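1. Compute the structure for the input listed below.
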Amino acid sequence: MEGMTQSEGAPRAPHYFVLTQYLLKNGSQPGRIHAFLEKGLLPARQRLGLPAPAVVMEALAAAHMPQVACVTPYSSIEQWTMARARLAADDGYRNALTALEAGEEAPYEQYSEVLLEAAPYTPPLPASLPAQAQPRVFELRLYHSPTQRQLKALHERFAGPEIPIFHRCGIHPLLYGSTLAGPHKPNLVYLTPFGSLAAREKAWAAFSADPEWAKVRAESIARHGQISSVIQISLYRAAAYSPLR
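-> Okay, here's the model as predicted:
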């Protein structure tokens, strides 16, 4: 798709993403959150004509487990705030939230919402992913940069030589963005689906061994220093009701 001009009717990449992470404990909390999302939040958003999460995931390996995470695309910050207001005024959504919070045990330990500004090179979200027999793995990566100047260099490296190398090695992220409101700033965040854990390992091994990547990385460090100083990696699998899975 590189080099193509986007036509008026072609899918457009979102300008923002909201990453919602529910931090849970073992027991009833994971099932209650999944029931709320599947039977409360997603139907309410569809009924109201609001953007829905593109992917709903449960953690396989993350800093806090168990965990359920959602990524929801928006065309503007105003659309995000409007969606929150319309949900808060909707009887069906309020009933689902009341049911979630009923009982003596809290429905989660805590939850967070991180507002990501999409990178200019983030692609339009696909309507679906290729069907497969085994569970798909989603990898969420956060690269923290020491300075805004180095974050700019990191985005330029991704937009330039790095993404073509990704694609050649079997790494095809769904989205790229930086945290606009949330922790670990400045950063670059991206989400990548893999067919399996084995496919993920194979792709990253190919990337690490790629001679062009070694050249690009060396040139980047020589010009800008170490532009990604901390890397956080979380692995997820999609929920059965996730739009992308």
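
2. CA only for contacts and neighbour counts going forward, please
-> OK.

3. Got the confidence number for the closest residue to Ala63 other than its chain neighbours?
-> Closest residue in space to Ala63, ignoring its immediate chain neighbours: Ser234 at 7.4 Å, by CA to CA, 6 or more residues apart in numbering. Ser234 is assigned 98 on the pLDDT scale.

4. 546 is where my numbering starts, stick with that
-> OK, 546 is where the count begins now, so the last one is Ser779.

5. OK, contacts around Ser779?
-> Contacts for Ser779 (CA atoms under 8 Å, 6 or more residues apart in numbering) come out as Ala604, Leu605, Ala606, Ala607, Ala608, Glu684, Leu685, Arg686.

6. Try it again at 7 Å.
-> Applying CA atoms under 7 Å, 6 or more residues apart in numbering to Ser779 gives the contacts Ala606, Ala607, Glu684, Leu685, Arg686.

7. so how far is stretch 613-626 off the chain centroid?
-> Put simply, stretch 613-626 sits 11 Å off its chain's centre (CA atoms, centre = their mean, to the nearest Å).

8. Domain-wise, how is the protein divided?
-> 561-663, 682-783 (automatic domain parsing).

9. Export the ones you listed to CSV and append columns for distance to Arg790.
-> Listed next are those as CSV, based on distance: least, CA to CA, whole Å:
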stretch, distance to Arg790
domain 561-663, 7
domain 682-783, 5
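
10. which one of these lies closest to Leu670?
-> Of all the domains of the chain, domain 682-783 sits nearest to Leu670, with 6.4 Å by CA to CA.

11. just to revisit the earlier point, check which helix or strand covers the residue nearest to Ala608.
-> strand 775-783 (DSSP states H and E).

12. partners of that strand, with directions?
-> Sheet pairing of strand 775-783 (DSSP bridges) gives strand 600-606 (antiparallel), strand 682-689 (antiparallel).

13. Return the distance of the residue of the chain positioned farthest from its centre relative to Ile578.
-> In the chain, the greatest distance from the average C-alpha position (CA atoms, centre = their mean) is reached by Glu649, at 31.8 Å. To Ile578, Glu649 is 15 Å away according to CA to CA, to the nearest Å.

14. got it, and Ser620?
-> Counting by CA to CA, the gap from Ser620 to Ile578 is 26 Å.

15. just Gln771 next, same as before
-> For Gln771 relative to Ile578 (CA to CA), the value is 39 Å.

16. Which one's more surrounded, those two?
-> Ile578 (20 against 16; other CA atoms under 10 Å).
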